[in-house]
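Enquirer: structure for this input, please:
(2 chains)
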Amino acid sequence: MNWQLLPQFVITGILLAGPLALNALGIVLIFKSTYIFNFAQGQLLLLGVLTTWWFAVVQGFPLWVAILLALILSAILGFLIERFALRPLTGQHLLVIILMTLGLSQVLQGLALLLFGSVQRNFPQIFSAANPYKISTPFIFNGSNIIIILKQNLVWSFVIAILGVVFISLFFRFTRIGLTMRGTSEDHDLAQSIGININRVFGISWALAGIVATTAGILLATSSGLDMSLSVVVLSAFPVVLLGGLDSIPGTIVGGLIIGVSMGITSASKVPIIRDTTEIVPYILLLVILLIRPEGLFGQKRIERI
Amino acid sequence: MAIIRPSGDFDTNYAHDLKTIRQPWQWLALVGFLLTLYALPLFANQGTVSLVNRICITIIAVQGLSILTGYTGQISLGQAAFMTTGGYISALLVGKLGLPFLISLPLAALGAGLVGLVFGLPSLRVKGFYLAMSTLAAQFIIPWFTRNIFPEVLNGAQGLNVEVPVIFGIEFNSPQRFLYITLTVLIITTLIAYNVTRSRLGRAFVAIRDHDLAAELLGVNPFRYKLQAFFLASVFAGAAGALAAHNIRHLNSETFNLIDSVIFLGMLIIGGLGSNLGPIFGAIIVELLTEGATLFGPFFITIFPSTASGAVQALRPLFFGITLMLFLIFEPRGLAHRWQLIKAAWRLRPFSH
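Expert: Model (predicted):
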């Protein structure tokens, strides 16, 4: 273990929780109201970033206009997906719905490739990468204080992710639409019988998920560049979702923190084989969670009736 | 749907009731069909034979998945990972230990089966979507092992070069020759898959798929049968992986990836869930679509110039995804069901209903 590097890696792990939680949030939003696990979240993210890039770089709009336009477009895309791909499957069994989102992910990936090609692109920089924040810690190593370096983009994406989660929680708590969505997530039939238009609720959930995906994508692209592999990043958010609980919004933050920090700790190890496990730590945790507590830390346990 | 038989084909005893091939002309058709397949290398060109090879190997993998997902109802996103396992086992047995291919192939299938058992363990506790997640974990953990564990044997991310299989002194070093191996294995796996699904085992699988709690109350031990389904599915995947590895002669952690697992599931849906014809139909259709993407590629470059290099890359997922989505919406029971309908319509002609 590199003890002098440990604080740095732990803090980086905590910050890593930002994008992880944001991706998880998109998935939870859809699952909470529709019981659909969206495997296409990564591709939604990819398309969102690519449209932002297109507006900002190819069309030359100012960045904030580009982001705004991309957010609107991704909301529309989410809406359309719900209307044309998933509504015909209402009431079908699980496998069919899982495969629909998997098929959707393939279609969106293909579309992204077809429209934008598979070249690596530079995404406009939002946060300066040159001068990261430096924090001096009270820990002393070799006679000098350990200094933790925080990349600006990581810090800000963490802040934005937390804000996003808080915002969505408040939305679910205090707005009429949010309350309707919570009602729908309790029981579809019951919600319909008290006059909630559940199709509209599903549509709004997908649109919100599209917006969240694009936000997460923009934050990721400013730090790690823009190419087709961005959609794979979301796969590491699946363990976060399961750890936090599939229908729990605060769970995404806690899950993100646990996964992020455990990735940070393993990457601080001096033993190469343990350092290499960083990429599969989320999935090992996933297996452990599934075996011990399948519903996650904050998820609702569902009782099965015959 | 009731099975509609040709006029005059009645069951006179139980043995006849259980028969698959009921009439002489069916024997003739089957033998003729198999002979044509075996004779394919004599008249087809190398490209076609390679394609048939690939289709056969894919069918084997999907047959395994069909037992697990189609019959037992356990969703698995890890079939490609078990193919990787089988491929590596066979490549190492032949390459490092010098075992003959005839021994390494079953051992690879068996080894993959045992690994499949380990990743099937969560099925005892979780099901449905959660199980899909745990098999997804297999899809990340197994390739990671091949990349990072024993780099001096497994050669890390670069992967292995796989030997040419030798059986009875004959080197199967071209697609034409390799076809004889894949076809033979395919026939064996088809027989196994078919007989599993119409035996006690298969009925237990179906009971678990339809309602696992009810099945348990009826005395079907869900744990045992779920694990058996996982084992069988992984055995098939292992055999397919070993064949594919010796066919392409190279193997690394990315040879069979998550997308392949997704495509296998898609093939199963397109072909038809819970049917023995499903995997065959599905694999053929999807592989042909992929070929179509290669053909259409140049044409699409003229429409979307920005993709120049990636047109084929883009068209494959697009074609597959759109086909899958259309099937899910309009024919979720797949081509096998459609085939049943066509057969029924033919037999009832001209009194179709």
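Enquirer: quick one: the strands in chain B?
Expert: B:160-161, B:166-167, B:170-171, B:250-251 (DSSP state E).
Enquirer: I'd like the distance between the most centrally placed residue in chain B and residue B:116.
Expert: Centroid-nearest residue in chain B: residue B:62, 2.0 Å away (criterion: Cα atoms, centre = their mean). Residue B:62 sits 15 Å away from residue B:116, going by Cβ to Cβ, to the nearest Å. (Each C-beta comes from the backbone N, C-alpha and C, glycine too.)
Enquirer: and the stretch 151-300 of chain B, which of its residues are near chain A?
Expert: B:211, B:213, B:214, B:258, B:259, B:262, B:265, B:266, B:269, B:273, B:300 (Cβ under 8 Å from any Cβ of the partner chain).
Enquirer: give me the neighbour count for the second one.
Expert: So the one you mean is residue B:213. The number of residues packed near residue B:213 is 12, by other Cβ atoms under 10 Å in any protein chain shown.
Enquirer: pLDDT of stretch B:86-95, averaged?
Expert: Average pLDDT, stretch B:86-95: 90.
Enquirer: go on, stretch A:244-263?
Expert: Here the average pLDDT along stretch A:244-263 is 86.
Enquirer: ok, residues contacting that stretch?
Expert: Contacts with stretch A:244-263, where a contact means Cβ atoms under 8 Å, 6 or more residues apart in numbering or on different chains, come from A:10, A:13-18, A:20-22, A:24-25, A:28-29, A:31-32, A:37, A:161-162, A:165, A:168-169, A:172, A:185, A:236, A:239-243, A:278, A:281-282, A:285, A:295-300.
Enquirer: how about low-confidence regions in chain A?
Expert: The model of chain A has pLDDT under 70 over residues A:1-4, A:128-131, A:136-145, A:302-306.
Enquirer: and the longest helix anywhere in it, what's buried?
Expert: For chain A, the longest helix by residue count, based on DSSP state H, is helix A:6-34. Taking 16 or more other Cβ atoms under 10 Å in any protein chain shown as the neighbour-count basis, helix A:6-34 is seen to contain the buried residues A:6-34.
Enquirer: what does stretch B:180-192 give?
Expert: B:180, B:181, B:182, B:183, B:185, B:186, B:189, B:190, B:192.
Enquirer: not counting sequence-adjacent ones, nearest residue to residue 267?
Expert: I went with chain A, as the question did not name one. Leaving out its chain neighbours, the residue that sits closest to residue A:267 by Cβ to Cβ, 6 or more residues apart in numbering or on different chains is residue A:278, at 4.5 Å.
Enquirer: wait, chain B
Expert: Using Cβ to Cβ, 6+ apart and skipping the chain neighbours, the partner closest in space to residue B:267 is residue B:282 (3.4 Å).
Enquirer: against residue B:192, how distant is the one you found?
Expert: Distance from residue B:282 to residue B:192, by Cβ to Cβ: 18 Å.
Enquirer: swap in residue B:296?
Expert: Distance, residue B:296 to residue B:192, using Cβ to Cβ: 37 Å.
Enquirer: residue A:296 too?
Expert: Where residue B:192 is concerned, residue A:296 sits at a distance of 38 Å (Cβ to Cβ).
Enquirer: swap in residue A:93?
Expert: Distance from residue A:93 to residue B:192, by Cβ to Cβ: 27 Å.
Enquirer: hmm, back to that, okay, the buried residues of stretch B:180-192 in JSON lines with pLDDT next?
Expert: What follows is the buried residues of stretch B:180-192, written out as JSON lines (pLDDT from 0 to 100):
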{"residue": "B:180", "pLDDT": "88"}
{"residue": "B:181", "pLDDT": "89"}
{"residue": "B:182", "pLDDT": "92"}
{"residue": "B:183", "pLDDT": "92"}
{"residue": "B:185", "pLDDT": "92"}
{"residue": "B:186", "pLDDT": "93"}
{"residue": "B:189", "pLDDT": "93"}
{"residue": "B:190", "pLDDT": "92"}
{"residue": "B:192", "pLDDT": "93"}
